[in-house]
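Engineer: Sequence first, then the predicted structure, then my questions.
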Amino acid sequence: MAEPIETRVCTWNIQWGRGRDTKVDLDRIVVELESIDAAVVCLQEVAVNHPGLPGRPLGDQAAALASMLPGYEAIYAAGSDLADGQGGRRQFGEMILSRFPVRQVFRHRLPWPADPSAPSMPRVALEAVVAAPPGPLRVVTTHLEFYSGRQRRAQVEALRDLYAEGWGHAKHPASPADADPPFAVLPRGEVALICGDFNFGPDAFEYGRLQEPFGGDAERAPRLRDAWTLVDPQLPHPPTTGLVRSEFIPAPVCFDFFFVSENLAKNVTRIAVDPVCEASDHQPVILGFRFRCGNDVSMMESK
């Protein structure tokens, strides 16, 4: 049997490239990502045509990052999509870059229930089914609401539903009766990870809720697990934002997570945060997992 192979996935809220020095500089983002050398990169707060943001980010950052990282296939999903008043669009959302072939892409609009007590924006979860060597892997990245707890809780429920729905498609693919290309039946993947900036800490209700087991029959989806606790459940979560005090994050806190399906949990080898990077107000988080690749292996070893 082949030796285990380790691969890396990175999640990072890049704050449209605005570093601690308040300057927008995508080159710093790219240098950091090149040093991490992840097979899959998940980014939040990627701006397109939003010069009104602090630091005045210009142009299409999604297209710029795709061109600056040519070894990756790039997918973008806007949560906020607004008219710019000049015939164009102003967008703000998430991005996945993958060295693995991307077989399917899903852009999931998350709930946005009215909450007049807090500012808010529409949110999205971006899913890519990538052809990792041992089999299809569902990678989902998102950025949940910061200000409104009501909206954030609704978004957590939606993430649970979307994850369980994907598991259902993996176990019970659609009928191939219609041969038209849009009806193509492609593997959805029985293993999954959900990552991003969740805007809740490890002591929050939403953190526990996202990891609760699923009810139903014997084929219910495997529960989601926080990768931080899989690596060392005794260690406190390291801070991923707030390393520099701000009006939004007054103290260091962990808001950035990888939640992995339980059938992937045994493959997790490490998770780490880069505490010194100053290219954003969040720190890059890197997940390492291992798998065996061979003719007799078609899925993660922990299946």
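Structural biologist: Here it is on my side, so go on. Residues are numbered from 1 along each chain as shown.
Engineer: What ranges does the protein have for its strands?
Structural biologist: Assigned by DSSP state E, the strands in the chain fall at 5-13, 40-48, 73-83, 89-98, 102-109, 124-132, 135-143, 191-197, 224-226, 256-261, 268-273, 285-291.
Engineer: Would you reformat these as TSV and include distance to K171?
Structural biologist: C-beta coordinates here come from the backbone N, C-alpha and C atoms, glycine included. Below are the strands of the chain laid out as TSV (distance: least, Cβ to Cβ, whole Å):
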stretch	distance to K171
strand 5-13	23
strand 40-48	23
strand 73-83	25
strand 89-98	24
strand 102-109	16
strand 124-132	14
strand 135-143	13
strand 191-197	12
strand 224-226	17
strand 256-261	12
strand 268-273	22
strand 285-291	20
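Engineer: mind giving me TSV with those strands and columns for mean pLDDT and mean neighbour count?
Structural biologist: Below are those laid out as TSV (pLDDT from 0 to 100; neighbours: other Cβ atoms under 10 Å):
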stretch	mean pLDDT	mean neighbour count
strand 5-13	93	22
strand 40-48	98	27
strand 73-83	97	18
strand 89-98	97	23
strand 102-109	97	16
strand 124-132	97	23
strand 135-143	97	25
strand 191-197	97	26
strand 224-226	98	22
strand 256-261	98	25
strand 268-273	95	18
strand 285-291	93	22
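Engineer: looking at it, Q91 is touching A78, isn't it?
Structural biologist: Yes: using Cβ atoms under 8 Å, Q91 is in contact with A78, at 3.7 Å.
Engineer: Overlap of the contact sets of those two?
Structural biologist: Contact criterion Cβ atoms under 8 Å, 6 or more residues apart in numbering; residues shared by Q91 and A78: V48.
Engineer: Minimum distance to V24: which of the strands of the chain has it?
Structural biologist: Ranking these by their distance to V24 (criterion: Cβ to Cβ) puts strand 40-48 first, at 9.0 Å.
Engineer: that older thread, for the strands of the chain, which one sits closest to R28?
Structural biologist: The nearest among these, by Cβ to Cβ, is strand 5-13 at 11.7 Å.
Engineer: roughly how far is that closest one from the heart of the chain?
Structural biologist: Distance, stretch centre to chain centre, for strand 5-13: 10 Å (Cα atoms, centre = their mean, to the nearest Å).
Engineer: Contact partners for R220?
Structural biologist: Listed by Cβ under 8 Å, 6+ apart, the contact partners of R220 are 164, 213-214.
Engineer: what would these look like in TSV with pLDDT, neighbour count and distance to A66?
Structural biologist: Shown next, in TSV, are these (pLDDT from 0 to 100; neighbours: other Cβ atoms under 10 Å; distance: Cβ to Cβ, whole Å):
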residue	pLDDT	neighbour count	distance to A66
A164	95	16	31
P213	95	11	38
F214	93	14	35
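Engineer: Quickly name whichever of those is closest to A154.
Structural biologist: Within these, proximity to A154 (Cβ to Cβ) peaks at A164, which comes in at 16.0 Å.
Engineer: is it true that that closest one touches G215?
Structural biologist: No: when contacts are counted by Cβ under 8 Å, A164 is not listed as touching G215 (9.9 Å).
Engineer: can you pull the pLDDT of the residue of the chain positioned farthest from its centre?
Structural biologist: Ranked by distance from the centre of the chain (Cα atoms, centre = their mean), the top residue is A177, with 33.3 Å. On the pLDDT scale, A177 is placed at 94.
Engineer: I'd like the distance between it and A184.
Structural biologist: A177 sits 12 Å away from A184, taking Cβ to Cβ, to the nearest Å as the criterion.
Engineer: now D60
Structural biologist: D60 is 29 Å from A184, by Cβ to Cβ.
Engineer: Repeat that for T142.
Structural biologist: Counting by Cβ to Cβ, the gap from T142 to A184 is 26 Å.
Engineer: What lies in contact with stretch 173-186?
Structural biologist: With Cβ under 8 Å, 6+ apart, stretch 173-186 has contacts from 103-104, 129, 187-188.
Engineer: Report the backbone C-alpha coordinates of it in CSV.
Structural biologist: Below are the C-alpha coordinates for stretch 173-186, written out as CSV (Å, rounded to 0.1, in the frame of the first residue of the first chain):
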residue,chain,number,x,y,z
PRO,A,173,-26.9,10.1,-6.5
ALA,A,174,-29.6,11.5,-8.8
SER,A,175,-31.0,9.3,-11.5
PRO,A,176,-29.0,9.3,-14.7
ALA,A,177,-32.2,9.0,-16.8
ASP,A,178,-31.8,12.4,-18.4
ALA,A,179,-28.7,12.5,-20.5
ASP,A,180,-28.6,16.3,-21.2
PRO,A,181,-25.3,17.8,-19.9
PRO,A,182,-26.8,20.0,-17.1
PHE,A,183,-28.2,16.8,-15.6
ALA,A,184,-24.8,15.2,-15.3
VAL,A,185,-24.5,12.9,-12.3
LEU,A,186,-21.1,13.6,-10.7
